[in-house]
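>>> predicted model follows, preceded by the sequence.
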Amino acid sequence: MSKKLIAVASAAALALSALVASPASAAVFSVDTNGGSGTGETSSAATTINVPSGDVIGWSTAGNTTATAVRYTVNTTGTTSSVSVTATGGIKLLTTTQYAATGTDAATSATGSATLTGSAVASAFTFYAATNSTTAGTIVITESGNSATRHLKGIAGPVYKITATAPSNVFSGVKAEIKVKAFDAFGNQITNAAFGVFGVSFLGGAQAVSSGATGTAYRTASTDQALNIEGTATGGSSAIVVTASGSTVAAADITAFGARDLTKFLSITTSTLEDRVTALTAQVAALTADYNALAAKYNKLVKKSKRVALK
C-alpha cells in the first residue's frame, strides 16, 4: 500500500472514531436504607424499627421515634431493570402504591407480602418494609444477576398482654414469688418492663404482703418479673389480682389485635405452722391406714413366718 493510501486510511479511521460516542460507564448496583437504626448489612447490625403497635405503617427519617417502616431504594444497573425482593422472619414488603394508600386502603400490619417484584424507573426501584417480630429477618434483593441482603428486626411495642403464675401455697412468714411476663400485641416478650408496671392487690381471705426492689425488675436469666409475697400469720386463702398499668402499657384496645389482657386472677393459700402440722398428721394417718389395709391382705395370703407387722 502506498504511503498516500495509508495516510487516507488513517485519516478515515480517526474521523470514524470521533463520530462514534464512547459507551457510558455502567451503573453500579446498590441499595440505600432509609429509616430505622443500623445499617442492616449483617444480622448483628440489623436495622431496627418499631413494630406497628398502633396497626399503622409509617416511614420517617426520624429513625425509631415513631416510624414503623424502612424505605429501601435499589439503584439498578439498567434504566428499567426488573427487581425481585424476598423477605423472611415475618417481614412484610410494601410497594410504593400500597404505602401511599389512604382511607380504608391505608397500610396496616396486615398489608404487604413476603415477595415483591417490579421494574426500576430511571434506574431506581423503591419499596418499604415493616416487621412485627423482634427477631431479625432478612430481605434479599436481586437485579440483573446482582444481589444484596438486608436484615431487619422490630422493637417491641407497649405491654398488651401479661401472664402470671404463683405457688398454690405460701407458708406464714415465708416469702414466695408471683412471676409475671409481659408481651406486646404481636406476642413479643417485653424484657425491660420496670417494676412499677405491675401491681398486686388482694381480695378477701388472708392477706399477703407484696414487696420488691425498684428499677428494672426483669431478671436476666429467666426474663420474668418477680413480685414477692409473704404469707401472713393468719392462714387461709387469698384471691390475688395482678395488673399492668402505666405509660409503657397500651392505652386502648386495637381492633386488629383483639382485647388487651392486662389483669390476671390467682388464688394462694397461706398455711400456718399449725395448719401444716395438722395437714401432715392427717397425711401420715392416711398413709398408715393404707399400709395396714394392704398388710392385712398380704398376711392372709402368706405363711405366718412371712407376715408383716401392722403400724
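Structure's in. What do you need?

>>> strands of the stretch 201-311 of the chain, residue ranges please.
Counting by DSSP state E, counting those that start in this stretch, the segments of the stretch 201-311 of the chain that form strands are 209-211, 225-230, 236-244, 263-271.

>>> give the buried residues for the last one.
Using 16 or more other C-beta atoms under 10 Å as the test for burial, strand 263-271 gives 264, 266, 268, 269, 270, 271. C-beta: built from backbone N, CA, C; applies to glycine.

>>> quickly list what the residue nearest to residue 30 when sequence neighbours are not counted is bridged to.
If the residues on either side of it in the chain are set aside, residue 30 comes closest to residue 75, at 4.6 Å by C-beta to C-beta, 6 or more residues apart in numbering. Beta-bridge partners recorded for residue 75 (DSSP bridges): residue 30, residue 124.

>>> and the pLDDT for residue 75?
Per-residue confidence for residue 75 comes out at a pLDDT of 97.

>>> so how many other residues sit close to it?
16 (other C-beta atoms under 10 Å).

>>> and for residue 259?
The tally of other residues near residue 259 (other C-beta under 10 Å) stands at 10.

>>> one more: the one 3 residues further on?
By the criterion of other C-beta under 10 Å, residue 262 has 18 neighbours.

>>> not counting sequence-adjacent ones, nearest residue to it?
For residue 262, the spatially nearest residue (C-beta to C-beta, 6+ apart) is residue 244, at 4.5 Å.

>>> wait, doesn't residue 250 sit right on residue 156?
No - contact criterion C-beta atoms under 8 Å: residue 250 and residue 156 do not qualify, at 11.6 Å.

>>> any weak-confidence spans in the stretch 151-300 of the chain?
Scanning the stretch 151-300 of the chain for pLDDT under 70 picks out the ranges 194-195, 204-223, 231-233, 235, 272-273, 275.

>>> and the helices in it?
273-301 (DSSP state H, counting those that start in this stretch).

>>> got the end-to-end distance for stretch 267-279?
End-to-end distance of stretch 267-279 (C-alpha to C-alpha, to the nearest Å): 19 Å.

>>> again, but for stretch 256-268
From its first residue to its last, stretch 256-268 covers 35 Å (C-alpha to C-alpha).

>>> and for stretch 119-135?
Using C-alpha to C-alpha, the end-to-end distance of stretch 119-135 comes out at 30 Å.

>>> more neighbours: which of residue 250 and residue 156?
More crowded of residue 250 and residue 156, by other C-beta under 10 Å: residue 156, with 24 against 19.

>>> for the more buried one, which residues are in contact?
Counting by C-beta atoms under 8 Å, 6 or more residues apart in numbering, residue 156 makes contact with 51, 134, 184, 188, 189, 190.

>>> the fourth one and residue 297, how far apart?
Using C-beta to C-beta, to the nearest Å, one obtains 59 Å as the distance from residue 188 to residue 297.

>>> and the strands of the stretch 201-311 of the chain: which comes nearest residue 178?
Smallest distance to residue 178 across the strands of the stretch 201-311 of the chain (C-beta to C-beta): 4.3 Å, for strand 225-230.

>>> need the phi and psi values for residue 112.
The phi/psi pair for residue 112 (degrees, to the nearest 10) reads phi 100, psi -180.

>>> for the residue lying closest to it once chain neighbours are set aside, give its distance to residue 135.
In this structure, residue 112 finds its nearest non-sequential neighbour in residue 92, 3.3 Å apart by C-beta to C-beta, 6+ apart. As defined by C-beta to C-beta, residue 92 lies at a distance of 15 Å from residue 135.
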